[in-house]
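[1] Mind looking at a prediction? Sequence and model below.
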Amino acid sequence: MSAVIESHGHDDHHHGPAKGLTRWLYTTNHKDIGSLYLWFSFAMFLIGGVMALVIRAELFQPGMQIVEPEFYNQMLTLHGLIMVFGAVMPAFVGLANWLIPMMVGAPDMALPRMNNLSFWILPFAFFILLSSLFMEGGAPNFGWTFYAPLSTTYAPPSVTFFIFSVHIMGASSIMGSINVIVTIMNMRAPGMTLMKMPLFVWSWLITAYLLIAVMPVLAGAVTMMLMDIHFGTSFFNAAGGGDPVLFQHIFWFFGHPEVYIMILPAFGIASHIIETFSRKQLFGYSSMVWAMASIAILSFVVWAHHMFTVGLPLAAELFFMWATMLIAVPTGVKVFNWVTTMFKGSITYETPMLFAIAFVVLFTIGGFSGLMLAITPADFQYHDTYFVVAHFHYVLVPGSVFSIMAAVYYWIPKWTGNMYDERLGKLHFWLSFTGVNITFFPQHFIGLAGMPRRYPDYALQFADWNAISSVGAFLFGASQILFLFIVLKTVMGGKKATPQVWEGSRGLEWTVDSPAPYHTFTTPPKVS
């Protein structure tokens, strides 16, 4: 076995004895591991998506039609957990594995065998989580934020397996992050200073530090839950002198940086794609780096804006309101820089660029509704309504998910040597774009009208918008089958990609992965 493992140290072409399944089990090659992460995250995306469709089917009309309220709550919980920890985060880690060594000029990730381990424990974590559906009492039913005491005193027996699964996911994230940091710090090509790194590398360096800081906090929260359930402690049980609100503080101290972990790599991806298809150097490279760093630092001091309704002191409400609004400043800097990069550029609208522009526009909408939620007295009204659901889905679906899709279209010629079908790619974009907006925009309206989230039934006046929202969800879900087809078709074959992949309509050319740092080109770039 050691021969199999050693034969893959830094071998791109797999001449060693490993064939078939063994190659993937033992591989230490960053490209293989990147592909494993991406395929795994896509499988989780489809599973989590089917759960979302169960939720939307139930909400298509008022009254109970398809599933029991208990099962509805299980779907809701698993959908959130799988999309966050199983779809979005592993996809970004897969992109990091594929791209960071190539972007910094390293032969592989710094710790290749730990890289293999950090991937292979993930399928087991999600197997444990999904198997809870078949246990007595059913899967966890307390929402993806698993607030105590609902998740400790009143939880099904499967909550113990849920806790174990969260620990494994956290271990995977911490190992992946250590690997990213060591690779970037120790293995950059000579002459590549930190301020010459591509922005995707910067975004991941910052993300990795965030992950190492907050995953132990999540581990602490679930360990305290385990103690409360099995060992008679009362961390979150008021009857024993504990405090349920303590759970929310610990959870959101992890959870708020976590939402930035799910968007920072997207900022890096969008920066590369907008620069390429505008045929211009990115506007404000260093301000982009500082903006990402500021967002990361500020993410640690805003957690209680998720908790405005728990009875915080007035001073705390004011502090968290202003700190939350402050995050809009570096975020606004980034949006300004992207728009300015496009301004007067020789723009062409290939599929990655369409996804990137949609990312900027729709992510900004999510940012504005987030500003509304930051206003403490207003949040008393918005809290736990569908307005919040609309807000975070505008950040996570056109934000994180669209950027991942943009990255796949942008780099798949580099990964496979084949060009994807541009017409099908554009069709996938327009179906997804339409589906997302039909699904989530109406949720702002029903939320402001007072419809609470996490209920399987609702009052009659919300019926029309819910029906529209559900139709949009099925459109978005179906269009991802087209995405799967496009990716498989590209992997199997197709037009060979040239070194100049993105031929500009104005005679300008740009390679997908040029040897020089992206932002050092003069305009217009022409890379031979």
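    Sure thing, it's come through. Numbering: from 1, shown residues only.
[2] tell me the SS of the spatially most central residue of the chain?
    With distances taken as CA atoms, centre = their mean, V88 lies nearest the centre of the chain, 3.2 Å away. Taken by DSSP: H, G, I helix; E, B strand; the rest coil, the conformation at V88 corresponds to helix.
[3] Just confirm it contacts S41, I think it does.
    Yes: taking contacts as CB atoms under 8 Å, V88 lies within contact range of S41: 7.5 Å. All C-beta spots, glycine's among them, are computed from the backbone N, C-alpha and C.
[4] what touches both of the two?
    Residues touching both V88 and S41 (CB atoms under 8 Å, 6 or more residues apart in numbering): I404.
[5] mind checking how far the residue nearest to the centre of the chain is from T434?
    V88 sits 21 Å away from T434, taking CB to CB, to the nearest Å as the criterion.
[6] List of residues touching stretch 374-388?
    Identification of contacts with stretch 374-388 by CB under 8 Å, 6+ apart yields 305, 308-309, 317-318, 320-321, 324-325, 369, 372-373, 443-444, 446-448, 450-454.
[7] Identify each buried residue in that stretch, please.
    Within stretch 374-388, the residues that qualify as buried are A374, I375, T376, D379, Y382, H383, T385, Y386, F387, V388, counting by 16 or more other CB atoms under 10 Å.
[8] Likewise for stretch 46-64?
    Under the neighbour-count criterion of 16+ other CB under 10 Å, stretch 46-64 has 46-49, 51-60 buried.
[9] do the same with stretch 26-44
    For stretch 26-44, burial by neighbour count (16+ other CB under 10 Å) applies to 26-38, 40-42, 44.
[10] now do stretch 93-108
    Of the residues in stretch 93-108, 93-104, 106, 108 count as buried by neighbour count, 16+ other CB under 10 Å.
[11] of the contacts of stretch 374-388, buried ones?
    Neighbour-count burial (16+ other CB under 10 Å) applied to the contacts of stretch 374-388 gives 305, 308, 317, 320-321, 324, 369, 373, 443-444, 446-447, 451, 453.
[12] Can you tell me which of those residues is nearest Y420?
    Closest approach between the buried ones among the contacts of stretch 374-388 and Y420, by CB to CB: Q443, at 31.7 Å.
[13] and the closest one, what element?
    Secondary structure assigned from DSSP states H and E places Q443 in helix 422-448.
[14] can you give me the offset of that helix from its chain's centre?
    Centroid separation for helix 422-448 versus its chain: 18 Å, with CA atoms, centre = their mean, to the nearest Å.
[15] who does it touch, helix- and strand-wise?
    helix 351-374, helix 386-395, helix 402-416, helix 463-492 (3 or more CB pairs under 8 Å, 6 or more residues apart in numbering; DSSP states H and E).
[16] got any ranges where the stretch 51-200 of the chain has weak pLDDT?
    Within the stretch 51-200 of the chain, no stretch has pLDDT under 70.
[17] With the chain instead?
    For the chain, the stretches flagged by pLDDT under 70 are 1-18, 503-528.
[18] hey, which helix is longest across it?
    Secondary structure of the chain per DSSP state H: the longest helix is helix 199-230.
[19] what angle sits between the following helix or strand past that helix and helix 386-395?
    On the C-terminal side of helix 199-230, the nearest following helix or strand under DSSP H and E is helix 244-261. With axes from the mean of the first three to the mean of the last three CA atoms, to 10 degrees defining the directions, helix 244-261 sits at 30 degrees from helix 386-395.
[20] What are the contacting residues of helix 244-261?
    84, 89, 145-149, 207, 210-211, 213-215, 217-218, 220-221, 224-225, 235-238, 295-296, 299-300, 302-307, 310, 392, 395-396.
[21] centre of the chain versus the strand or helix carrying F92, how much separation?
    Secondary structure assignment for F92, by DSSP H and E: helix 89-104. Helix 89-104 sits 13 Å away from the centroid of its parent chain (CA atoms, centre = their mean).
[22] And stretch 172-185, by the same measure?
    Stretch 172-185 sits 17 Å away from the centroid of its parent chain (CA atoms, centre = their mean).
[23] can you check stretch 122-133 too?
    Centre-to-centre, stretch 122-133 and its host chain are 19 Å apart (CA atoms, centre = their mean).
[24] With stretch 305-317 instead?
    Here the centre of stretch 305-317 is set off from its chain's centre by 27 Å, with CA atoms, centre = their mean.
[25] Ok, stretch 316-330 next?
    Distance, stretch centre to chain centre, for stretch 316-330: 23 Å (CA atoms, centre = their mean).
[26] With stretch 206-216 instead?
    The chain centre lies 14 Å from the centre of stretch 206-216; the measure is CA atoms, centre = their mean.
[27] list the contacts for I269?
    For I269, the contacting residues are L95, F200, S203, A356, S403, I404, A406, A407, Y410, by CB under 8 Å, 6+ apart.
[28] What of F119?
    Listed by CB under 8 Å, 6+ apart, the contact set of F119 reads I33, L36, Y37, F40, S172.
[29] make it 6 Å
    Neighbour list for F119: I33, L36, Y37 [criterion: CB atoms under 6 Å, 6 or more residues apart in numbering].
[30] Same check on Y458?
    Listed by CB under 6 Å, 6+ apart, the contact partners of Y458 are P62, M451.
[31] try it again with 10 Å
    Counting by CB atoms under 10 Å, 6 or more residues apart in numbering, Y458 makes contact with L59, Q61, P62, G63, Y386, I446, G450, M451, P452, N466.
[32] Which positions in stretch 328-343 come out as buried?
    A328, P330, T331, V333, K334, V335, N337, W338, T341, M342.
[33] circling back: can you lay out the contacts of Y458 as TSV showing distance to T498?
    Compiled in TSV, these are given as follows (distance: CB to CB, whole Å):
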residue	distance to T498
L59	48
Q61	52
P62	55
G63	57
Y386	48
I446	49
G450	56
M451	52
P452	54
N466	48
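[34] quick check, nearest of those residues to Q74?
    Lowest distance from Q74 to these (CB to CB) belongs to L59, with 15.4 Å.
[35] Quick check: closest non-adjacent residue to D228.
    Of all residues not flanking D228 in the chain, T152 sits nearest, at 4.4 Å (CB to CB, 6 or more residues apart in numbering).
[36] er, L111 I mean
    Residue nearest to L111 in three dimensions, not counting chain neighbours: N179, with 4.9 Å by CB to CB, 6+ apart.
[37] tally of neighbours for that neighbour?
    Residues within reach of N179, counting by other CB atoms under 10 Å, total 24.
[38] what's near enough to touch it?
    Shown in contact with N179 (CB under 10 Å, 6+ apart): 30, 33, 93, 96-97, 100, 109-112, 114-115, 118, 208.
[39] and the two most separated of those residues?
    For the contacts of N179, the maximum inter-member distance is 16.7 Å, found between P112 and A208 (CB to CB).
[40] Look at the two and report which has more neighbours.
    A208 (27 against 19).
[41] close enough to count as contact, that one and M109?
    No: A208 is beyond contact range of M109, at 11.9 Å (criterion: CB atoms under 10 Å).
[42] Now list whatever residues contact both of these two.
    A96, I100, G176, N179, V180, V182, T183.
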